[in-house]
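>>> Dropping a prediction and its sequence here:
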Amino acid sequence: MGACALLTDANISSGLESNTTDITAFSMPGWQLSLWATAYLALVLVAVTGNTTVVWIILAHPRMRTVTNYFIVNLALADLCMAAFNTPFNFVYASHNVWYFGRVFCHFQNLFPITAMFVSIYSMTAIAADRYMAIVHPFRPRLSAPSTKAVIAGIWLVALALAFPQCFYSAITVDEGATKCVVAWPEDSRGKSLLQYHLVVIALIYLLPLLVMFITYSIIGLTLWRHALPRHQVHGANLRHLQAKKKFVKTMVLVVVAFAVCWLPYHLYFILGSLQEDIYCHKFIQQVYLALFWLAMSSTMYNPIIYCSLNHRFRSGFRLAFRCCPWVTPTEEDKLELTPTPSLSMRVNRCHTKEILFTAGDMATSEVTNGKAGCPRGE
């Protein structure tokens, strides 16, 4: 990113492999460093705790193991790893502009952030596609468990392939006695290659999936909010079921909007840096980057809060997970929310048609499928 680069476009990291000074042009006062450290520490603690709890709630309770929730687990794992393995090290590098973590970790840090972000946003896209099929085309077959695992594996493989160029060109340099972890693009086409790569990455891990989700959720919203139940069905299970669908769609739209808002300034920062590299030589750019990076990384901690606030089944799971805290008191209803109860399912077989109504939660869905297609998988 230039001789004065504060950091690179992937997330920097690498260890000190030669003697370096601890004072650079970007060193900041102790009180300022303490404030930033506190902000980043709070972010990491909330993100790691929240996403770990989400994974536990889904994997430890059979009732929560649905197609949609497996994608939520994938999203939570990506956010968890981003918070734990990228945020602290990148903060240390950005706050000191000195590299303390080694050559191998430099390659890892330039590989993993793009990978995790790709996995996060395409897990959201997969959830949108799954909801689209369940709500807009309920008669078509749903993803099976093996197909879901294959999609998740495919997301990770494509993510690794997209991030590989930055990992491959990662290098350790020494600038005025300070060790740096940078992405050393080929000299013959450095500026052009860097800008092109940034634009491709941003299109694939931000613009394209957001466009797909905008269209998908718009169609889902029109389908749900224009859906009118017959008068004799506007009560009981059918009404609760429709409301549950609407609430889940609202939850996921909020997750997507939070992600989009948090990452937009960060992407704009690196596009500007690709066009005008001298901005990285200004002293104030360190504070700008730390603020934009905190905002981007904060996207990893919002999803558990959204799930807990808008979904009563996840809320019950959080109460059970933190029941050791004196201010948290789970009830019997919380335990029942996560316990499989066959009586909550009603199966009606008429004229080779099966209708399954799951009426007990925000994640529930209602589907009507042809008898030859078998029982729907997922919610």
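Arrived safely.
>>> Tell me the secondary structure at C181.
Of the three states, C181 takes strand according to DSSP: H, G, I helix; E, B strand; the rest coil.
>>> confidence score at it?
According to the prediction, C181 has pLDDT 89.
>>> Repeat that for I12.
On the pLDDT scale, I12 gets 32.
>>> Could you do W327 as well?
85.
>>> Likewise for the one 5 residues further on?
Per-residue confidence (pLDDT) for E332: 82.
>>> Now do it against R319, distance only.
As judged by CB to CB, to the nearest Å, E332 and R319 stand 11 Å apart. Every residue, glycine included, has its C-beta placed from N, CA and C.
>>> same deal with M213?
30 Å.
>>> More neighbours: which of the two?
M213 (24 against 19; other CB atoms under 10 Å).
>>> what's the closest non-adjacent residue to the more buried one?
A128 (4.7 Å; CB to CB, 6 or more residues apart in numbering).
>>> and if you look at L80?
N51 (4.0 Å).
>>> what's near enough to touch G317?
53, 56-57, 61, 64, 334, 337-338 (CB atoms under 8 Å, 6 or more residues apart in numbering).
>>> per-residue confidence at it?
At G317, pLDDT is 91.
>>> now do E176
Per the predicted model, pLDDT is 76 at E176.
>>> Next one: it relative to I279, how far apart?
E176 is 19 Å from I279, by CB to CB.
>>> Those two: who's more crowded?
I279 (18 against 10).
>>> and that one, what does it touch?
272-273, 285.
>>> S274 - nearest residue in space that isn't next to it in sequence?
Closest to S274 by CB to CB, 6+ apart is L195, at 4.3 Å.
>>> can you pull the contacts of that neighbour?
L195 touches 271, 274-275, counting by CB under 8 Å, 6+ apart.
>>> Run the chain-centre distance for the helix or strand that contains V48.
Using DSSP states H and E, V48 maps to helix 30-59. Averaging C-alpha positions (CA atoms, centre = their mean, to the nearest Å) puts helix 30-59 15 Å from its chain's average.
>>> Going forward, count from 107.
Sure thing, new numbering starts at 107, so read that last one as helix 136-165.
>>> Now do that helix: which elements does it pack against?
helix 173-191, helix 193-202, helix 391-416, helix 418-427 (3 or more CB pairs under 8 Å, 6 or more residues apart in numbering; DSSP states H and E).
>>> residues of that helix that come out buried?
Neighbour counts over helix 136-165 (16 or more other CB atoms under 10 Å) mark 142, 146, 149-150, 152-164 as buried.
>>> ok, which stretches of this protein are strands?
Applying DSSP state E to the chain gives strands spanning 276-281, 284-289, 451-456, 459-464, 472-476.
>>> Lowest average pLDDT across the ones you listed?
The minimum mean pLDDT among the strands of the chain belongs to strand 459-464 (a mean of 34).
>>> Leaving out chain neighbours, which residue sits closest to F191?
Per CB to CB, 6+ apart, closest to F191 is F218, 6.3 Å.
>>> how close does the one you found sit to R346?
Counting by CB to CB, the gap from F218 to R346 is 42 Å.
>>> swap in W205?
Taking CB to CB, one finds W205 at 55 Å from R346.
>>> And F428, by the same measure?
On the measure of CB to CB, F428 and R346 end up 28 Å apart.
>>> more crowded one of those two?
R346 (16 against 13).
>>> So in this protein, which helix runs the longest?
Longest helix in the chain by number of residues (criterion: DSSP state H): helix 342-381.
>>> Return the set of buried residues in that one.
Applying 16+ other CB under 10 Å to helix 342-381 flags 343-344, 346-348, 350-352, 354-362, 364-366, 368-370, 372-373, 375-376, 379-380 as buried.
>>> rewinding a little: could you export the contacts of I385 as a markdown table, including distance to L263 and pLDDT?
Shown next, in a markdown table, are these (distance: CB to CB, whole Å; pLDDT from 0 to 100):
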| residue | distance to L263 | pLDDT |
| --- | --- | --- |
| L378 | 31 | 81 |
| G379 | 29 | 76 |
| I391 | 35 | 85 |
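>>> between the residues you listed, which is closest to L183?
Closest approach between the contacts of I385 and L183, by CB to CB: G379, at 29.7 Å.
>>> Just confirm T406 contacts T158, I think it does.
No - T406 lies out of contact with T158 (CB atoms under 8 Å); the separation is 11.7 Å.
>>> Touching both of the two, which residues are there?
L186.
>>> So for P446, what's the pLDDT?
Confidence score, pLDDT, at P446: 72.
>>> I'd assumed P168 was in contact with it.
Yes - applying CB under 8 Å as the test, P446 and P168 come out as touching, 5.5 Å apart.
>>> The nearest residue to S226 once chain neighbours are set aside: neighbouring residues, count only.
Nearest residue to S226, sequence neighbours excluded (CB to CB, 6+ apart): A184, at 4.5 Å. If you count neighbours by other CB under 10 Å, A184 ends up with 25.
>>> Lovely, talk soon.
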